[in-house]
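**Q** Take this sequence and fold it.
(2 chains)
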Amino acid sequence: MQLTRAGFLVLLWLFVLAALRVVRSDLYAASGLRASGLPGFRRSEKSARGSKAPRQLVVTHGALTGTRISLDGRPILIGRADDSTLVLDDDFASTRHARLSMRGTDWYVEDLGSTNGTYLDRAKVTAPLRVPLGTPIRIGKTVIELRS
Amino acid sequence: MGSPAPAGEGSPVASVATNTSPGLRPPTRRGTELVMLSFAAGLVTLALILVELNQERSLSLRIVYLGLAYLGLFACAHLAVRRWAPYADPAILPCVALLNGLGLVMIHRIDLALEGVKYLDGSTWSPVAFKQVIMTAIGLLLFAATLKFLSDHRTLARFGYTFGLAGLVALLLPGVLPGFIAPTINGAKIWLRVGQFSIQPGEFAKILLMVFFAAFLVSKRDLFTTAGRRFLGMDLPRARDLGPLFAAWGVTVAVMVLQKDLGSSLLFFGIVLVLLYVATERAAWVVLGVGLFSGGAIIAWRLFDHVQDRVANWQDPIARYDVEFGGGYQISQSLFGLATGGIGGAGLGAGRPEMIPEANSDFITAVIGEELGFIGLAAVLLIYMVFALRGLRSAISVRDSFGKLLGGGLAFAVCFQVFIVVGGVTKLIPMTGITAPFLSYGGSSLLANYILVALLLRISAAARAPQRAPKPKPQQPAIADQHTVMVERPK
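**A** Numbering: from 1, shown residues only, chains lettered A, B, ... in the order given. The predicted model follows:
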C-alpha cells in the first residue's frame, strides 16, 4: 500500500522531470534560427590586405556568425525589421536598432533609439561615432565589425 | 571575395534574411510528444488502478481498456497536431493530457465517495465522470478543428472587434437575462440553461476578449506609450488615454455586481493588465490598474453581503464554520483535507473527499492535496508551470506582435486562473469560485481550455517552423544612382 503510494508520486515527478528535459533540449530549437556554417573559414585572403577603407561588414558573434555584407556606400540598417540590411532575430535587439552610414571615407554608427543600446567596443553609442577597422560593435547578442 | 559560398555576396538586401538551409530542417519533435503522451496515459491508468484498489473494487480488464481509450483519444489529438501543426511545441499537449487525465480519475474517485454518501443518506446524486469523459472527447474534437481551420493565428487579428463584441455579450449575458434562462447556482449567475445543458459563456468570453485585446493593442500600441507626466519615477499615461482601461474596469465591476462572480472578474482584469503591460512595458499601467481594481473591490466589499462573506471566510474560516449559508465550512474542510494529506498524502482513493462540498469542481486541488500530499500537489502545479513556460516561450519567439500578445495572454490566463483557485483553496486569497483548468469538472471550462491550447500550439508552431526564404526584393539602385530624365514642360 505504502509502496504504491510512493511509487505513484515518484512516477509523477519523473513525468515532471521528463517534461523539463524536453524543455531544456528544446531551448535552441525555439529560436527559429541555427548557427550557419563554421565561422572564420570564409575570410578571403585577398581582401585582408589592400586598401585601408572598409569593404565589408562581418558578424563575429551571435546567431548570424559568419555572415558578411559588402559595403558599397549605402547605409546599412540593423534590426529585427524585415527590411533591415542585417535582419537580427535576437530578443535583445530592437526593430530598428542601429545604422551604419558612410560620410566621406569613414563609416559612422548611430543608435536608432534601441531599447538595449549599441556599443562600440566598450562605449555606448549615443551620438554618431566613427567606426575604426576591426572594432567590435555590439548589438544585443550580435557582434559585428568592419574589415577591409 | 573569392569564396563562392556566401549567398548574395554583392546584394546586401537579400543576403542575410535566411540562414536555414533548406536541407537542414529543425526537428519537429513529434516523436517526443508521442512518448510523453504515452507516459501520461500510463500514469493516468496507474492512478485509476490505485483508486480502484484502495476503494476495494474488483479490478478487471476494463481499466486497461479505459487507459487505452484515453491513450487513443490523445493519439488522435497527436495525429491532428502532426497533420496541421507539425512544428508545435512538444511539451504542451502531454502536460494537458496528464492534467486532464488526473482530473478524470479524481472526478471518478469523488463519484465513488459520493456514491457511498448517497447509500447512507439517500441524497439525489448521479455520477458525473462519464459526462466529463464525453466533454473531453468533444474538447479534443474542438481542439483538432481549431488547428485545422486556423492555419495562421494572424487571421484572428482581422476579426478582433467582432470577437470583442461577441466576448462582451457572452460575458454579460447571464447577468442580465431573466432567471429561468440564467439561473443563480451557488450564488453566482454565470450559467445559461439551454434545454438539458447549462453552459458557462464566460469561459469562452475569456478567449474571445483576449483575441480582441491583443488585436486592439497591436493596432493602437502607440496610443498607450505616449508619455504623460512623470510621477514617482513612473511615466503616467495621459488622462485621455485611460479610456480603454476604464472600460475594462467597468466591465469587470459589472461582472462582479450583476453575476456575483468574483473569480471571473479578477481573472478578466488581470488578463487586461498583463496584456497592457506586455504591449507597453510600462509599470504605470499595472500600478494604476491594481489601484483601480482594489478601489472597486473595497467598494464592492462595503456594499455587498456575498463579498463580505468571502472576505470573512478568508480571514478566519474556522470561526465561521457553523454559519448556515455562505460560512467558512467549505474552506475549513478543504484545509482539514490538505492537513490530512500532509507531505506524502493519504494515497489515491484513500482520502475522504466527500467531506468537502463541491470537491469535484472548485476544490479539486484540495482533494489532490489530500490524496497525493504536498509532493503530489507540487508536481501538479509544476506541470501547470511547464505548460505556462512553454506558452510564454512560444510568445517570445513568435515573430509577429499579435502572436506575442495573444500567446502571452493565453499562457498567463491559465497560470493566473490556477493561482486564483489554488490560492482560494489554500486560504492565501479569498475564495472566488473558479475552475482549475483541465482538472475540474465542468464542460464549458474544458472546451474553452482546449480551444486555448489549440491556439497556443498554433502560435508555437508559427514560432518554431523554419523561416521560409523571403522573396528576393527587386534590386533598386539608390536614388542618387538612378538616371534622371529631362522632361520638357509643354508650353
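
**Q** Show residues contacting stretch A:19-29.
**A** Under the contact criterion C-beta atoms under 8 Å, 6 or more residues apart in numbering or on different chains, stretch A:19-29 has outside partners A:34, B:26-27, B:29, B:32, B:36, B:89-91, B:94-95, B:383, B:386, B:389-390, B:393, B:464. In this view, the C-beta of every residue, glycine as well, is placed from N, C-alpha and C.

**Q** Now that residue B:430 has come up, it's in contact with residue B:317, right?
**A** No: the pair residue B:430 / residue B:317 is not scored as a contact, 10.4 Å apart, by C-beta atoms under 8 Å.

**Q** What residues does residue B:248 make contact with?
**A** Here residue B:248 is in contact with B:268-269, B:272 (C-beta under 8 Å, 6+ apart).

**Q** Kindly indicate which of those residues lies nearest residue B:358.
**A** Closest approach to residue B:358 among the contacts of residue B:248 (C-beta to C-beta): residue B:268, at 21.9 Å.

**Q** Report the mean confidence score over stretch B:279-299.
**A** Mean pLDDT, stretch B:279-299: 84.

**Q** cool, stretch B:177-186 as well?
**A** 72.

**Q** Next: stretch B:302-314.
**A** Averaging pLDDT along stretch B:302-314 yields 85.

**Q** Name all residues that make contact with the residue of the stretch 51-200 of chain B found nearest chain A.
**A** Closest approach between the stretch 51-200 of chain B and chain A, counting by C-beta to the nearest C-beta: residue B:91, at 4.8 Å. By C-beta under 8 Å, 6+ apart, the contact list for residue B:91 reads A:19, A:22-23, A:26, B:33, B:36, B:386-387, B:390.

**Q** Look up phi and psi at the residue nearest to residue B:349 when sequence neighbours are not counted.
**A** Closest residue to residue B:349 apart from its sequence neighbours, by C-beta to C-beta, 6 or more residues apart in numbering or on different chains: residue B:54 at 3.1 Å. Backbone torsions of residue B:54, given as degrees, to the nearest 10, read phi -70, psi -30.

**Q** can you pull out the strands in chain B?
**A** B:192-194, B:197-199, B:227-231, B:234-237 (DSSP state E).

**Q** looking at the ones you listed, which has the lowest confidence?
**A** Among the strands of chain B, strand B:227-231 carries the lowest mean pLDDT (a mean of 60).

**Q** Turn the contacts of residue B:91 into CSV, columns for neighbour count.
**A** Formatted as CSV, the contacts of residue B:91 follow (neighbours: other C-beta atoms under 10 Å in any protein chain shown):
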residue, neighbour count
A:19, 26
A:22, 21
A:23, 17
A:26, 18
B:33, 24
B:36, 24
B:386, 19
B:387, 28
B:390, 27
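
**Q** Which of those scores worst on pLDDT?
**A** Lowest in pLDDT among the contacts of residue B:91 is residue A:26, which has 71.

**Q** Pull the contacting residues for residue A:59.
**A** A:65-68, A:86, A:142-144.

**Q** Name the helix or strand for it, please.
**A** Taking DSSP states H and E as the criterion, residue A:59 maps to strand A:56-61.

**Q** Would you mark the buried spots in that strand?
**A** A:56-60 (16 or more other C-beta atoms under 10 Å in any protein chain shown).

**Q** Is residue A:133 in a helix, a strand, or coil?
**A** Of the three states, residue A:133 takes coil under DSSP: H, G, I helix; E, B strand; the rest coil.

**Q** Make sure it is actually in contact with residue A:54.
**A** Yes: assessed by C-beta under 8 Å, residue A:133 is found in contact with residue A:54 at 5.8 Å.

**Q** could you pull out the strands for chain A?
**A** A:56-61, A:68-70, A:76-79, A:86-87, A:98-103, A:106-111, A:118-120, A:123-124, A:129-130, A:137-139, A:142-147.

**Q** Fine by me, we can end here.
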